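1. here is a sequence with its predicted model. Questions after.
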2 protein chains.
Amino acid sequence: MGYRVSSISTPHGVLETPFFMPIATRGAVKTLSSFDVERLSSPILLSNTYHLWLRPGLEVLKQFGGLHKFMDWPGVILTDSGGFQVFSLEGLRKLTSEGVAFQSHIDGAKMMLTPELCMEIQRTIGSDICMVLDVCTKLPATDDELEKALELTTQWARRSKDAFEKTREGSINPGAKLFGIVQGGTNLELREKSARALIDIGFDGYAIGGLSVGESCEDACQVLDVLDKILPEDKPRYFMGGAKPHEIVEYVKRGIDMFDCVLPTRNARHGQLYRFLHNDLSRPDFYETIQITNEKWKMSQERLGTDEELSRYTFGYLRHLFTIEEMLGGRLATMMNVKFYLELMKKIREQIKTGTL
Amino acid sequence: MGYRVSSISTPHGVLETPFFMPIATRGAVKTLSSFDVERLSSPILLSNTYHLWLRPGLEVLKQFGGLHKFMDWPGVILTDSGGFQVFSLEGLRKLTSEGVAFQSHIDGAKMMLTPELCMEIQRTIGSDICMVLDVCTKLPATDDELEKALELTTQWARRSKDAFEKTREGSINPGAKLFGIVQGGTNLELREKSARALIDIGFDGYAIGGLSVGESCEDACQVLDVLDKILPEDKPRYFMGGAKPHEIVEYVKRGIDMFDCVLPTRNARHGQLYRFLHNDLSRPDFYETIQITNEKWKMSQERLGTDEELSRYTFGYLRHLFTIEEMLGGRLATMMNVKFYLELMKKIREQIKTGTL
């Protein structure tokens, strides 16, 4: 199919693709309020089912009428299913066909996540775009292990969809969408099998899971090239958990519409900033990352940005804030990096429209 | 003299007294940008000579044209002289009549602060209200120790004033003011002696140092009652480093015009919030402090404030942010507590004007 600018309609807004989602795992983009994210002009946030389930918990989310109201976010919310988080937990974890039993990372409480419960939690959160519960296999894995995980992922996808439909009526956000998650690692046959099974079930969009786990950009591109020929053209495609700016361009060219990634926000808190160098996105050197704590920024009077707040401060002042370990530094840097990713997506959309990408 | 509403004119604005100064020790109110502090409507910030001297250092401050430009703060800046910080340092520290030799708390470098250097640094910072370098004596101290410290403080006050006048011409903020600092602990005779010596030299305002170090409100009031009869009526009086909200009311009644205190900002970062209970400021129970992490706030839909940003969030959401240790929590709480102190001062000014304090 190749790439295109399209749109996704949700109960909290229409989104022009391709777009990037800042990560608000536990109901806040680290260091930022929803007021801040609005000013950065992101129309969507990503949050996490597993983390919100544990804290603040379903009782609080119900009382407040969902996450939109709890964090006062008027835009779109996508929630990851929490599968990745549960499978990443250390310690006791037991996978059965029913679901996955585990211990809370907070208090060690024994819990069990099933596809049905996962849908119920996301309905309580009031997410606009929900994700099915999938089985995440630790790599490296044998083809046999991958195949078994895939079978279960497909079963769970079907159960997720059934549960999602059953919980629509009476939910706080009945117009929510549900995405399937294609698994299969870097095994192209399994990827194809996974995608075809999900298409049979039928989803509002298709996510590609199990990438952004250390594989090369080339390996990821091979998977995307295969899926590009299989996934329906009229449904959005979401690359989960990635990627670096130049990789995003490559993945967009292979038909990806949606991205989320911790890099801009996590790097910001460590003083790593992205900056555009030129507008030719086909060359991977279109940006640089700088370390603001370096001596070279000490005297820099270059401004952090062009908006009302960032235009007031200089690289020299930001360096000072990091030097004294003032958390305002991490906050301003987070704004800068989120802005960079949002601007990258805008550039990509513009260049697709003008046929210059 | 008693209390009154007055005003202080500075190169960066006219301030109505009594007022409170949020603390930006190292060029930022912890968690807040100057953009934020402006939105909180504080006309003044307090910063610290010692800390700015060490970081970012004079070279950077000169390059940027002073602290106002470095942190893009259009309002008034008062700088504490750094005497208190130097005398609080652990390790090697040697006091001579010339100045105080010490080791940097950052890299152990040997440094020496003199009254003359202290003025030069504050001129480089471009402070609107500068403080003389004073000798801070560790309590408990004998009367003899206090008296010796006082003599040196008076000598340094004179040298500070001379150096301040000599550096006026060609400085970036020639209209800056210089305040003397009354010392003498809780010894009322020494306090009187200190005040009279400073009045002889002549300053734009008088600070009361060496309080807010653990003494009772009654002891502090005794000192203020003595000074109230001595200090010139037409010059502002600044209570350094204090105080709790109900103490501020008591000190205002004893003629104090200016306050600074870490309590609102430091407590905020630990989830302790101030709230007004009623408007009768003569009763010390006019406010309460709450611990936002308490279970009782879990479901609270009460709003954090009435302004554009704080009115969006609830006590329940703020509790969640503290529970997950998200720094946005400390930031919102800081805004709330700074707002509380600013509002307290506004109430005090209004009640003085209407004769109801």
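-> Structure received.
2. check what pLDDT whichever residue of the stretch 101-250 of chain A sits closest to chain B gets.
-> Closest approach between the stretch 101-250 of chain A and chain B, counting by C-beta to the nearest C-beta: A:I106, at 9.5 Å. Where you see a C-beta, it was placed from the backbone N, CA and C, and this is true even at glycine. In this prediction, A:I106 carries a pLDDT score of 89.
3. what helix or strand is it on?
-> If you go by DSSP states H and E, A:I106 is not part of any helix or strand.
4. I figured it was touching A:R55, is that so?
-> Yes. Judged on C-beta atoms under 8 Å, A:I106 makes contact with A:R55 at a distance of 7.0 Å.
5. of these two, which one has the most company?
-> Neighbours per residue (other C-beta atoms under 10 Å in any protein chain shown) separate A:I106 from A:R55, with A:R55 holding more: 14 against 11.
6. for chain B, what are the nearby residues on chain A?
-> Residues of chain A lying near chain B by C-beta under 8 Å from any C-beta of the partner chain: A:26-28, A:30-35, A:55-56, A:60, A:63-64, A:70-72, A:298-299, A:301, A:308-309, A:312-314, A:316-317, A:320-321, A:323-324, A:326-328, A:330-332.
7. which among those residues end up buried?
-> A:26-28, A:30-35, A:56, A:60, A:63-64, A:70-72, A:298-299, A:309, A:312-314, A:316-317, A:320-321, A:323-324, A:326-328, A:330-332 (16 or more other C-beta atoms under 10 Å in any protein chain shown).
8. so A:E90, which state does it fall into?
-> Three-state call for A:E90 (DSSP: H, G, I helix; E, B strand; the rest coil): coil.
9. shaky segments in the stretch 201-350 of chain A?
-> For the stretch 201-350 of chain A, no stretch has pLDDT under 70.
10. what's the pLDDT at the residue in the stretch 1-150 of chain A that chain B sits nearest to?
-> The stretch 1-150 of chain A approaches chain B most closely through A:D72 (4.1 Å), counting by C-beta to the nearest C-beta. Reading off the confidence values, A:D72 has pLDDT 98.
11. for B:L304, see how far away it is.
-> Computed as C-beta to C-beta, to the nearest Å, the A:D72 to B:L304 distance reads 11 Å.
12. and for those two, which residues touch both?
-> Jointly contacting A:D72 and B:L304 under the rule C-beta atoms under 8 Å, 6 or more residues apart in numbering or on different chains are B:Y313.
13. in stretch A:238-254, what's buried?
-> By neighbour count on 16+ other C-beta under 10 Å, the buried set for stretch A:238-254 is A:238-254.
14. got the phi/psi numbers for the residue lying closest to A:R191 once chain neighbours are set aside?
-> The spatially closest residue to A:R191, leaving aside those adjacent along the chain, is A:G184, at 3.9 Å (C-beta to C-beta, 6 or more residues apart in numbering or on different chains). Taking degrees, to the nearest 10, you get phi 120, psi 10 for the backbone angles of A:G184.
15. verify the stated contact: A:G184 with A:L150.
-> Yes. Under the criterion of C-beta under 8 Å, A:G184 makes contact with A:L150 at 5.9 Å.
16. okay, and the common contacts of the two?
-> Applying C-beta under 8 Å, 6+ apart, one finds that A:G184 and A:L150 are jointly contacted by A:L190, A:K193, A:S194.
17. of those, keep whichever come out buried.
-> Neighbour-count burial (16+ other C-beta under 10 Å) applied to the shared contacts of A:G184 and A:L150 gives A:L190, A:K193, A:S194.
18. now, which of those sits nearest B:T167?
-> A:S194 (74.1 Å; C-beta to C-beta).
19. what about stretch A:252-269, how long is it end to end?
-> End-to-end distance for stretch A:252-269: 27 Å, by C-alpha to C-alpha, to the nearest Å.
20. same thing with stretch A:205-220?
-> Start-to-end, stretch A:205-220 (C-alpha to C-alpha) is 19 Å.
21. buried sites along it?
-> Neighbour-count burial for stretch A:205-220 [16+ other C-beta under 10 Å]: A:G205, A:Y206, A:A207, A:I208, A:G209, A:G210, A:L211, A:S212, A:V213, A:E215, A:A220.
22. same question, stretch A:291-310
-> Buried-residue list, stretch A:291-310, by 16+ other C-beta under 10 Å: A:I292, A:W297, A:K298, A:M299, A:L304, A:G305, A:E309, A:L310.
23. list of residues touching it?
-> Contacts of stretch A:291-310 (C-beta under 8 Å, 6+ apart): A:39, A:271-273, A:290, A:311-316, A:318-319, A:322-323, A:329, A:332-333, A:335-336, A:339, B:33, B:35, B:56, B:60, B:63-64.
24. in strands only, show me those.
-> The strands, defined by DSSP state E, take in A:Q272, A:L273, A:I290 from the contacts of stretch A:291-310.
25. can you say which of those residues are buried?
-> The neighbour-count test (16+ other C-beta under 10 Å) marks A:Q272, A:L273 as buried among the ones in strands among the contacts of stretch A:291-310.
26. which one of the ones in strands among the contacts of stretch A:291-310 sits closest to chain B?
-> Scanning those for proximity to chain B, where the rule is C-beta to the nearest C-beta, the winner is A:L273, at 16.6 Å.
27. how about the helices in the stretch 101-250 of chain A?
-> Counting by DSSP state H, counting those that start in this stretch, the stretch 101-250 of chain A has helices at residues A:115-125, A:143-166, A:188-201, A:217-230, A:245-253.
28. from start to finish, how long is stretch A:95-103 in a straight line?
-> 12 Å.
29. for that stretch, buried residues please.
-> A:L95, A:G99, A:V100, A:A101, A:F102.
30. what lies in contact with it?
-> Outside stretch A:95-103, the residues touching it (C-beta under 8 Å, 6+ apart) are A:83, A:86-87, A:89, A:91-94, A:109-115, A:117, A:133, A:135, A:152, A:155.
31. average pLDDT for that stretch, rounded please.
-> 94.
32. next one: stretch A:171-189
-> On average, stretch A:171-189 scores 96.
33. could you do stretch A:49-66 as well?
-> In the prediction, stretch A:49-66 has an average pLDDT of 98.
34. which residues sit in contact with A:N173?
-> With the criterion set at C-beta under 8 Å, 6+ apart, A:N173 makes contact with A:P11, A:G66, A:R123, A:G126, A:S127, A:D128.
35. nearest residue to the first one in space, please, no chain neighbours.
-> Counting by C-beta to C-beta, 6+ apart, the nearest residue to A:P11 once its immediate chain neighbours are dropped is A:G175, at 4.0 Å.
36. so that neighbour touches A:G13, yeah?
-> No. Between A:G175 and A:G13 there is no contact under C-beta under 8 Å: 11.5 Å.
37. quick one: distance of stretch A:196-209 to the chain centre.
-> 17 Å (C-alpha atoms, centre = their mean, to the nearest Å).
38. what sits up against it?
-> A:8, A:84, A:129, A:131-132, A:134, A:136, A:154, A:157-158, A:161, A:177-183, A:195, A:223-224, A:227, A:230-232, A:235-240, A:256, A:258.
39. mind listing which of the residues you listed are in strands?
-> In strands, judged by DSSP E, the following of those are found: A:8, A:129, A:131, A:177-182, A:237-239, A:258.
40. who wins for neighbours among these?
-> Going by other C-beta under 10 Å, A:V182 tops the ones in strands among the contacts of stretch A:196-209 with 33 neighbours.
41. residues contacting that residue?
-> Applying C-beta under 8 Å, 6+ apart to A:V182 gives the contacts A:R191, A:S194, A:A195, A:L198, A:Y206, A:A207, A:I208, A:G209, A:L227, A:L231.
42. show me the residues of chain A next to chain B that map onto helices.
-> Under the assignment DSSP state H, those contribute A:34-35, A:60, A:63-64, A:70, A:316-317, A:320-321, A:323, A:327-328, A:330-332 to helices.
43. this completes my enquiry, with thanks.
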